[in-house]
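Got a predicted structure here, sequence first:
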Amino acid sequence: MTTYERDAKTLELPWPFTGRENELELIRRSLGASRHGIVVTGRAGCGKTRLVTEAVRGTDCAKAAGTPEARHIPFAAFAHLLPETVTLHKAVQLLSAVRTLLVDDAHLLDDASAALVHQLAVQGRTRLLVVATDDVPVPGAVSRLWTGELLPRLTLEPLPREETDRLVAAGAGGRLEPLTVNRLHRLCDGDLRLLRDLSGALREQGLLTGIPGSDERAWRGPVPLTTTVRERTAHVIHRVDPDERETLELLAFADPLPPTADDFDLRALERLETDGLIDIDDHGTVRLAHPLHGPVLRATAGRLRARRLARTPDQCGPALKDEGVELARQIDEADVRTLWAPVGEWLIEEGEPVPAEYAAVRARAVRLRGELRQAAAWAREGLRESPDDPSCLLELALAAAQSGEITSAHEALTAPPTSGEAATWLAAARGDIDSAVRSITGDDALALYDAVRLGAPEKATSRLPMDSAFAAHADALTRGDGPALDHAAERLQKRGLLLFAAEAHAQAARSHRDPRAARTSRTRAVALARRCQGARTPALSGLVLGELTARQRQIVTLAAAGLTNRQIADHLTLSIRTVGNHLYSAYARLGASDRESLPSLVDAQPA
């Protein structure tokens, strides 16, 4: 089994490397001259091995790895680098000649190997790149590498949502619609190996269906029980205590409406909580600790038991209505930090129809968060059963227009509108800002705020709610006050309004007199805009290429003009491989999928 794990990691290498550029640079610097190395830790499956493999690619690096079966064999991890019989002293001498040593799965090292790694760190002649998994027992000699300050420690956080979309597409063999991507993210909870396994299974088992009028595909229905899924959930599905098993299954089939602790045997709950299999909140609500456990328990329960325990869509009707009311309240209060609405998501996963009224309000809520592709997906779900629903058509048009997709925005409406939000953003997407501002009417705060987003705060300043983040943004923009715009952006971000916050930071970058403050605002705007799923609003114009290095901007501009890699290499006196590497990194930073998408990004920049 251990050999399989090592082979599996090797097979993962063709996946695109994305989203870890800063960590990659830090590791490479740690292996440079006068440096002794670094320890990289993180949760199982978060991409540690992929990262360090990329960091040492093309270098002269010896490699070793711990394995659970060999933890009682002295120097087992270094058997290929050391003679059959060796002392610790001799092993240190022999490996001192190695310039760079990568030690993977260091938490599985035998004691002698762990001591060897520690002594090499003390000696300081060999640069060490040590990888270990968090939340598992680690040999003391390994943990003292960072607690004893022999080596710095880099703890990897889960890959951000926007960076994993490309990995999902690679594993599934094509682009997936946002609600499917959300489901995969939720189930995998940061485990990239599981993410690849599931997305590959969806492709191989034919579980992905095309979406009419789109190149995206969707997944509905049960989770495929792959070998990896069974291994990850073995401690749950093989629970032998009958009371605990009964409790776990009841919780699994309770989705999407979790019960309270009063509905279960308290002792069984205590044992499951101690083992980390359930969570109980302050209100006594009980949920399975990992989002993958429920689907797997349902899939392994048997047909008759599933039929008896499973909920039906009709049973969830009142809860879905309550969710819609709560979402509408959050929209009215312009506070969309947390959209806890599991019933709607459950209906989507089950492939059940979603009422258009609910879909529209859900689309609006996620659009305010800047999740434009997801907003469009929810609107399309509502249109499945009600093709002419005006609210869903409006949300679909707004999501498309704020993504710069003029044609799609027009197609979402039965006729081009002459007023309202759709008219505003269709005009803005065409670059006609004056017409967009003139079309803003009424006293709705969000509609009035569109004028601020479009750079015409004077139309809305006196009509926005006093002391609101919207009013603060309008006032700061009217005065051209960069610091105040940044402060307004921070207030907007705290309420979950990420697209609005990105726009405010972008406006601040143009208002600051201090170049350093302008760069800081621009960096914040770029970071937030990247989380907004392809948003291309007037306020964000000019941000995209600025986040690239000077060389990347140069190469991307030439590629967008139609030059091949060879032509670019000849023009800039670079190797073809260097040009390809720069383009690869630029794609990741821009969120571009291929060369064909570059012209639209370059054309969006100011002259």
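Right, received. Where do you want to start?

per-residue confidence for the residue nearest to the spatial centre of the chain?
Centre of the chain computed as the mean C-alpha position; nearest residue by CA atoms, centre = their mean is residue 161, 0.6 Å away. pLDDT, residue 161: 75.

ok, for it, nearest residue in space, not its chain neighbours?
residue 185 (5.9 Å; CB to CB, 6 or more residues apart in numbering). (C-beta placed from N, C-alpha, C; glycine too.)

That neighbour falls within a helix, correct?
Yes. Assessed by DSSP: H, G, I helix; E, B strand; the rest coil, residue 185 belongs to a helix.

Just give the number of residues close to it.
Residue 185: 18 surrounding residues under other CB atoms under 10 Å.

how near is it to residue 364?
22 Å (CB to CB, to the nearest Å).

now swap in residue 471 and tell me
For residue 471, the distance to residue 364 - CB to CB - is 21 Å.

try residue 96
64 Å.

For these two, indicate the residue with more neighbours.
Higher neighbour count among residue 96 and residue 364: residue 364, with 23 against 14, using other CB under 10 Å.

Surely the more buried one is within a strand?
No. Using three-state DSSP, the assignment for residue 364 is helix, not a strand.

I'd assumed residue 376 was in contact with it.
No. Taking CB atoms under 8 Å as the definition, residue 364 is not a contact partner of residue 376, at 11.7 Å.

tell me, what's touching these two both at once?
Common neighbours of residue 364 and residue 376, using CB atoms under 8 Å, 6 or more residues apart in numbering, are residue 395.

Can you show me the helices along the stretch 451-600 of the chain?
469-479, 482-494, 498-511, 515-529, 550-560, 565-572, 576-590, 598-603 (DSSP state H, counting those that start in this stretch).

gap between the first one and the chain center?
Remark: helix 469-479 is offset 31 Å from the chain centroid, using CA atoms, centre = their mean, to the nearest Å.

between that helix and helix 482-494, how many degrees?
Angle between the axes of helix 469-479 and helix 482-494 is 160 degrees (criterion: axes from the mean of the first three to the mean of the last three CA atoms, to 10 degrees).

what residues does helix 469-479 touch?
With CB under 8 Å, 6+ apart as the criterion, helix 469-479 contacts 334, 445, 448-449, 452, 455, 457-458, 460-461, 464-465, 484-485, 487-489, 491-492, 495, 497, 500, 504, 507-508, 511.

redo that, cut-off 7 Å
445, 449, 452, 457-458, 460-461, 464-465, 484-485, 488, 491-492, 495, 504, 507 (CB atoms under 7 Å, 6 or more residues apart in numbering).

repeat for the fourth one
With contacts defined as CB under 7 Å, 6+ apart, helix 515-529 is touched by 482, 486, 493, 498, 501-502, 505-506, 508-509, 512, 535, 540, 543, 546-547.

residue contacts, residue 131?
Neighbour list for residue 131: 40, 48, 49, 52, 103, 104, 105, 106 [criterion: CB under 7 Å, 6+ apart].

can you list those in TSV and add pLDDT, neighbour count and secondary structure?
Shown next, in TSV, are the contacts of residue 131 (pLDDT from 0 to 100; neighbours: other CB atoms under 10 Å; DSSP: H, G, I helix; E, B strand; the rest coil):
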residue	pLDDT	neighbour count	secondary structure
40	95	28	strand
48	92	24	helix
49	91	24	helix
52	93	25	helix
103	96	28	strand
104	96	23	strand
105	95	22	coil
106	96	27	helix
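
Tell me the one of these nearest residue 258?
For the contacts of residue 131, the closest approach to residue 258 (CB to CB) belongs to residue 48, at 32.8 Å.

correct me, but that closest one touches residue 42?
Yes. Contact between residue 48 and residue 42 holds when scored by CB atoms under 7 Å: they sit 5.1 Å apart.

Can you work out which residues contact both of these two?
residue 156.

Name the nearest residue to residue 405, ignoring sequence neighbours.
residue 429 (7.5 Å).

ignore the last one, residue 265
Closest to residue 265 by CB to CB, 6+ apart is residue 243, at 5.5 Å.

neighbours around that neighbour, how many?
15.

Just the element for it, please.
Applying DSSP states H and E as the criterion places residue 243 in helix 242-254.

The helix or strand following that helix - what's its average pLDDT?
Past helix 242-254, heading to the C-terminal end, the next element that is a helix or strand (DSSP H and E) is helix 266-274. In this model, helix 266-274 has an average pLDDT of 93.

what does stretch 64-78 give?
Stretch 64-78 comes out at a mean pLDDT of 93.

same check, this time on stretch 480-498
The model assigns stretch 480-498 a mean pLDDT of 97.

Flag every buried residue along it.
Buried residues in stretch 480-498, counted by 16 or more other CB atoms under 10 Å: 481-482, 484-489, 491-493, 495-498.

Dump it to CSV, keeping only the CA atoms.
Only the C-alpha atoms of stretch 480-498 are listed here, as CSV (Å, rounded to 0.1, in the frame of the first residue of the first chain):
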residue,chain,number,x,y,z
GLY,A,480,-11.0,61.7,-3.9
ASP,A,481,-9.8,60.6,-0.5
GLY,A,482,-7.6,57.5,-0.9
PRO,A,483,-7.3,56.5,2.8
ALA,A,484,-11.1,56.9,3.3
LEU,A,485,-11.8,54.8,0.2
ASP,A,486,-9.6,52.1,1.7
HIS,A,487,-11.4,52.3,5.0
ALA,A,488,-14.8,52.0,3.2
ALA,A,489,-13.4,49.0,1.3
GLU,A,490,-12.6,47.3,4.6
ARG,A,491,-16.1,48.0,5.9
LEU,A,492,-17.6,46.5,2.7
GLN,A,493,-15.3,43.4,3.0
LYS,A,494,-16.3,42.8,6.6
ARG,A,495,-19.9,42.5,5.4
GLY,A,496,-19.0,40.0,2.7
LEU,A,497,-19.3,42.4,-0.2
LEU,A,498,-16.0,41.4,-1.8
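
Now do that stretch: everything it contacts.
By CB under 7 Å, 6+ apart, stretch 480-498 touches 334-337, 368-370, 469, 472-473, 476-477, 500-501, 504-505, 507-508, 511-512, 517, 521, 528, 531-532.

chain center to that stretch: distance?
For stretch 480-498, the distance to the chain centre is 23 Å (CA atoms, centre = their mean).

What of stretch 103-114?
On CA atoms, centre = their mean, the centre of stretch 103-114 falls 31 Å from the chain's centre.

ok, and what's touching that stretch?
Residues contacting stretch 103-114 (CB under 7 Å, 6+ apart): 49, 64-68, 70-78, 88, 117, 128, 130-133, 136-139, 141-142.

do that again at 8 Å, thanks
Under CB under 8 Å, 6+ apart, the answer for stretch 103-114 is 39, 49, 52, 63-68, 70-78, 88, 117, 128-133, 136-142.

Same check on stretch 222-240?
With CB under 8 Å, 6+ apart as the criterion, stretch 222-240 contacts 187, 191, 193-194, 197-198, 201-202, 205, 207, 245, 248, 275, 277, 290, 292-293, 295-300.

quick one on the thing from earlier: nearest to residue 254, of the contacts of residue 131?
So of those, ranked by how close each gets to residue 254 (CB to CB), first place is residue 48, at 34.9 Å.

where does the stretch 451-600 of the chain dip in pLDDT?
By pLDDT under 70, the weakly predicted segments of the stretch 451-600 of the chain are 544-548, 550, 588-594, 596-600.

Report the buried residues of stretch 336-343.
Result for stretch 336-343 [16+ other CB under 10 Å]: buried residues 336, 339, 341, 342, 343.

Same question for stretch 450-457.
Going by 16+ other CB under 10 Å, stretch 450-457 has these buried residues: 450, 451, 452, 453, 454, 456, 457.
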